[in-house]
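Colleague: generate a structure from the sequence data that follows.
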Amino acid sequence: MTLHNEIELTLDGIAQGGAGVGRYEGQVVFATGGLPGERVRVLLGERKPNYLRGLVSVVLEPSPDRVTPQLDAGDHAPWQHIAYAAQLRFKTTILREQLERMAGLTDLPLAPIIAAPQPWGYRNSARLHVAGSEVGYHASGSQTVVALTSDPLLLPALNEALAALAGQLPPNLLNGVTLRGSVAFGYALALLHALPEADMAALAHLIQVWRALVPSLAGVTVAGSDLSSGATTLHEELAGLIFSLSPTSFFQVNVAQAERMVTLVQDALQPAAGQALLDLYAGVGTFALPLAAAGAEVTAVDEARDALADGRRNAELNGISGVRWVQSPVERALPALVGPYAGVVLDPPRRGCHPAVLEELARLRIPRLVYISCHPGILSRDLPALLRTGYRIESIQPIDLFPQTPHIETVVVLALGEG
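Modeller: Prediction:
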């Protein structure tokens with residue numbers, strides 16, 4: 001095969017991660033920026049014995065699913081060139097193919113994906129980078145900052161803060177900015193990541209000017225220092241509860257879709273008075289607190305100290321006493337738990353469950369299990385281990401938590417015993 005820097009081919013599929021898939025002289029090609037059905041030219045960047053990978057340089061025959069992107073440089077929104085209905089269709093296809101090919105599953109009880117009510121303007125957080133006096137995101141595969149004054153993925157309060165900062169930021173003060181916003185209360189907080197040589201007086205002045213320009217910016221804190229102005233915790237409403245969040249605690253970026261996930265968990269576990277439940281990788285209590293508010297006794301396990309501190313504060317804030325908080329890596333905490341438990345929520349990080357967690361769940365024999373996954377490939381790795389211990393899949397519900405990206409959230413309900 002003669003391989004050039006640029007090749008021409010027709011794409012006929014889409015891969016996990018969002019690249020279009022085709023073949024060139026018998027070899028698989030992953031083409032970032034391409035869609036099934038398109039004739040494209042691809043600038044190659046990676047050549048392996050089993051596949052080629054590159055960027056679409058020219059679209060010769062566009063798909064009817066292709067739309068005009070809202071951002072010229074939007075690597076944090078890599079699917080913005082795809083019509084939203086097609087994004088949902090592709091995510092369903094990717095999830096099904098991963099579960100069938102990697103996990104060997106058939107006859108999947110796969111429900112239609114839950115679309116986001118707002119495909120744009122949904123993100124309640126952003127981690128931005130700074131170079132000199134420019135603030136934005138890194139370009140794909142590089143450390144180059146692509147400057148932005150507005151991001152159509154973000155809540156309005158975050159865009160107000162971003163626009164004002166982009167016009168006021170002096171050089172040599174920051175290397176990053178974290179913005180977080182409250183959907184329920186309409187304000188934003190900022191966490192500034194200062195350069196080691198940053199002038200703290202200049203930082204204090206920047207904060208003063210920035211907050212004066214943006215009334216919805218309720219507080220600014222400089223990470224690793226005592227310098228702050230205004231509020232230091234964010235308040236959000238979810239499932240009828242108020243959540244108080246520290247600057248570094250994880251919270252779902254799409255509140256409307258997080259509400260749907262909480263409902264799915266509640267429907268699967270049917271919490272009731274006196275019922276013992278487990279919430280593993282519990283974080284700030286996104287699932288544990290609504291379950292306990294319905295009467296269940298929940299043991300919530302997570303290794304993140306700040307997140308569990310938030311969880312305890314949130315329980316007190318909402319008058320909920322039915323949660324026992326355990327700060328520990330989940331794989332270390334489980335051997336000490338004896339149960340019995342009626343149900344368990346698993347919401348692991350992107351890397352999925354530690355193998356020891358799956359082994360301990362087999363020992364505990366918990367009748368109902370809800371696995372929340374943000375990566376179909378990892379889900380396909382973990383599900384067979386659970387099925388081998390006697391679980392069966394009741395339902396697989398994809399939910400679009402991250403429109404304009406290929407990320408796929410999935411809620412899987414499993415039960416012990418025969419169907």
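
Colleague: check which element follows whichever helix or strand residue 7 is part of along the chain.
Modeller: Element membership of residue 7, judged by DSSP states H and E, is strand 6-14. Sequence-wise, the next helix or strand downstream of strand 6-14 (DSSP H and E) is strand 20-24.

Colleague: direction included, what does that next one pair up with?
Modeller: strand 6-14 (antiparallel), strand 27-32 (antiparallel) (DSSP bridges).

Colleague: most packed of these?
Modeller: strand 27-32 (a mean of 20; mean count of other CB atoms under 10 Å). C-betas here are computed from N, CA, C, even on glycine.

Colleague: off-centre distance for the following helix or strand past that one?
Modeller: Downstream of strand 27-32, the first helix or strand assigned by DSSP H and E is strand 39-47. Relative to its chain's centre, strand 39-47 lies at 29 Å (CA atoms, centre = their mean, to the nearest Å).

Colleague: compute the inter-axis angle for strand 39-47 and strand 27-32.
Modeller: Interaxial angle, strand 39-47 versus strand 27-32 (axes from the mean of the first three to the mean of the last three CA atoms, to 10 degrees): 100 degrees.

Colleague: and strand 39-47, which residues are buried?
Modeller: 39-42, 44 (16 or more other CB atoms under 10 Å).

Colleague: mind listing what the closest residue to residue 353 other than its chain neighbours touches?
Modeller: Closest residue to residue 353 apart from its sequence neighbours, by CB to CB, 6 or more residues apart in numbering: residue 382 at 5.3 Å. Shown in contact with residue 382 (CB atoms under 8 Å, 6 or more residues apart in numbering): 352-353, 358, 371, 373.

Colleague: let's have the residues you listed in a markdown table, adding pLDDT, distance to residue 188 and secondary structure.
Modeller: Shown next, in a markdown table, are the contacts of residue 382 (pLDDT from 0 to 100; distance: CB to CB, whole Å; DSSP: H, G, I helix; E, B strand; the rest coil):
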| residue | pLDDT | distance to residue 188 | secondary structure |
| --- | --- | --- | --- |
| 352 | 85 | 32 | coil |
| 353 | 88 | 34 | coil |
| 358 | 92 | 39 | helix |
| 371 | 97 | 33 | strand |
| 373 | 95 | 30 | strand |
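
Colleague: next, give me the two most distant ones among the residues you listed.
Modeller: 358 and 373 (13.4 Å; CB to CB).

Colleague: okay, those two: which has more neighbours?
Modeller: residue 373 (25 against 21; other CB atoms under 10 Å).

Colleague: helix/strand/coil for the residue nearest to residue 353?
Modeller: helix (DSSP: H, G, I helix; E, B strand; the rest coil).

Colleague: then residue 142?
Modeller: Once three-state DSSP is applied, residue 142 turns out coil.

Colleague: with residue 272 instead?
Modeller: coil.

Colleague: and the closest residue in space to it that isn't next to it in sequence, what does it touch?
Modeller: Leaving aside its sequence neighbours, residue 272 sits nearest to residue 295 (CB to CB, 6+ apart; 5.6 Å). Contact partners of residue 295, counting by CB under 8 Å, 6+ apart, are 271-275, 322.

Colleague: and residue 295, what's its pLDDT?
Modeller: Per-residue confidence (pLDDT) for residue 295: 95.

Colleague: could you measure from it over to residue 323?
Modeller: For residue 295, the distance to residue 323 equals 12 Å [CB to CB, to the nearest Å].

Colleague: can you check residue 208 too?
Modeller: 40 Å.

Colleague: again with residue 56
Modeller: 49 Å.

Colleague: check contacts around residue 413.
Modeller: 264, 268, 368-370, 393-395, 397.

Colleague: if we only consider these, which is nearest to residue 67?
Modeller: Checking the contacts of residue 413 against residue 67 with CB to CB, the nearest one is residue 397 at 26.6 Å.
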